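Q: everything below, folded, please.
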Amino acid sequence: MAIIEKGQKAPSFDLTNQRGEHVKLEDFKGKNLLLSWHPLAFTPVCTDQMRDLEANYEYFQDHDTDVVGISVDPQPTKKAWAVSLCLGNLDILSDFKPLGEVSKAYGIWKDHSGASGRAVVLIGPDGTVLWSHEYEDSIKPDIEKIKELVANCKRSHLD
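A: Just a heads-up that it's a prediction; the model follows:
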């Protein structure tokens with residue numbers, strides 16, 4: 001299965017964040033939403049990926065974009081990882097129950113590892129995918145390119 005493509009309707013989800021709160025796709029209606037998949041918590045590339053998002057959280061907010069991390073780790077693991085990373089703003093969501101259901105719906109699931117791959121999906125205010133890209137598991141998404149993409153999407157909404 002291939003990653004979800006531009007123009008497709010984003011599949012709905014209801015996942016739990018590190019604080020045990022439910023987070024739904026519908027919560028972000030009217031804003032862009034950046035979903036950043038990482039294979040597993042407490043691994044070096046995933047840690048750097050989430051730290052990039054936290055460090056640039058205000059930038060995304062200033063560009064009308066909410067951002068969340070997602071992996072198949074259970075919620076208690078997400079909680080411990082968020083504390084270790086000192087996440088103050090970023091929600092990291094657990095796609096654990098049922099295992100990988102949202103990752104599968106977005107075409108990011110990897111049967112061979114039993115986890116998601118590494119990917120970024122930008123969803124527009126109407127729930128349509130604006131951009132998606134899958135990365136090798138060992139490659140951290142380039143935060144500057146993602147910020148540029150988000151800025152360009154904001155400008156295109158103003159035209």
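Q: okay, strands next: where are they in the chain?
A: Under the criterion DSSP state E, the chain contains strands at 14-17, 22-24, 32-37, 65-71, 91-94, 109-110, 115-116, 118-123, 129-135.
Q: skipping adjacent residues, who's closest to residue 101 in space?
A: For residue 101, ignoring the flanking residues on the chain, the nearest one in space by C-beta to C-beta, 6 or more residues apart in numbering is residue 95 at 6.6 Å. Using the backbone N, CA and C atoms, a C-beta is placed for each residue, glycine as well.
Q: surely residue 35 touches residue 129?
A: No. Under the contact definition of C-beta atoms under 8 Å, residue 35 does not touch residue 129, with a separation of 9.7 Å.
Q: so for these two, which residue has more residues nearby?
A: Taking neighbours as other C-beta atoms under 10 Å, residue 35 and residue 129 compare with residue 35 leading, 25 against 20.
Q: look up how far residue 128 lies from that one.
A: 13 Å (C-beta to C-beta, to the nearest Å).
Q: ok, residue 149 next?
A: Residue 149 is 15 Å from residue 128, by C-beta to C-beta.
Q: do the same with residue 65
A: Distance from residue 65 to residue 128, by C-beta to C-beta: 14 Å.
Q: over to residue 49?
A: Distance from residue 49 to residue 128, by C-beta to C-beta: 24 Å.
Q: give me the more crowded residue out of those two.
A: Legend: neighbour count by other C-beta under 10 Å for residue 49 and residue 128, higher for residue 49 (22 against 12).
Q: what sits against the more buried one?
A: Residues near residue 49 by C-beta atoms under 8 Å, 6 or more residues apart in numbering: 36, 38, 69, 118, 140, 141.
Q: show me which pair in those is furthest apart.
A: 69 and 140 (12.4 Å; C-beta to C-beta).
Q: these two - which one has more neighbours?
A: residue 69 (26 against 17).
Q: which secondary structure element of this structure has the lowest mean pLDDT?
A: In the chain, no helix or strand scores lower on mean pLDDT, DSSP states H and E than helix 143-158, which sits at a mean of 81.
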